[in-house]
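Novice: My questions are about this predicted structure, shown below with the sequence.
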Amino acid sequence: MIESRYWKKDLLDHAKRLRPAKKPKRWSERGVVAFEKDLMISFFMVRALLERGKLSKNVHSKRIPIVKFPWNGKHITIFNFAAVDELYDFDHAKKTTVSIAFIANQFVHARAIYVSRDEARNWSHVLLCSDFEQKRAIFLVAVAEIQRIFHLVAEDDISWEQFEYDPSTRDYRRTTN
């Protein structure tokens, strides 16, 4: 990745599409799939920017509020995963914060993504977990937080960077502001 500004522009465009609308389109299977696909692709871009050193420490260290529902220990299979209410303990929700990288990985490696709308039919929350986290918890992320992540990443600029050779990896470590 040579130039990140094109990726960041796409993220800003997607953040705009997440804004609440006065008269949102009616729910359709196609609309839900398009929404999920946009989220997965956008979070892949976020992860790529993070991993390629195109973002400052500010983005790397930012914590995002989510709600975590623990796995209840029941056996998970490809046939029963749609019944998340039987696999996770929704009575023991825990508010916590996680890194942007953690959320990006949940989308990139999503075992499941369930989206919800509010009373005005705008997208409100995403319930998801990666295949790596499925036996720990499932996570609820507000769409407003997702929009905030996309803005934060897209508007981030590195003002300085430093490279230091690491003999153990035989490569350079990059440090940014």
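Specialist: Thanks, I have it.

Novice: which residues are in contact with stretch 24-40?
Specialist: The contact list for stretch 24-40, computed with C-beta atoms under 8 Å, 6 or more residues apart in numbering, reads 14, 17, 107-108, 110, 113, 115, 117, 120-123, 126, 146. For every residue, glycine as well, the C-beta is placed using N, CA and C.

Novice: Arg30 falls within a helix, correct?
Specialist: Yes: assessed by DSSP: H, G, I helix; E, B strand; the rest coil, Arg30 belongs to a helix.

Novice: Tell me, how many residues neighbour it?
Specialist: A total of 9 residues lie near Arg30 under the criterion other C-beta atoms under 10 Å.

Novice: what about it, distance to Glu36?
Specialist: Per C-beta to C-beta, to the nearest Å, Arg30 is found 11 Å from Glu36.

Novice: now do Leu49
Specialist: From Leu49 to Glu36 the distance is 21 Å (C-beta to C-beta).

Novice: Name the residue in the two with the higher neighbour count.
Specialist: Legend: neighbour count by other C-beta under 10 Å for Leu49 and Glu36, higher for Leu49 (22 against 17).

Novice: Quick check: the farthest pair among the contacts of stretch 24-40?
Specialist: Spanning the widest gap among the contacts of stretch 24-40 are Val108 and Ala120, at 29.5 Å by C-beta to C-beta.

Novice: Neighbour count for those two, which is higher?
Specialist: It is Val108, of Val108 and Ala120, that has more neighbours when counted by other C-beta under 10 Å, with 15 against 11.
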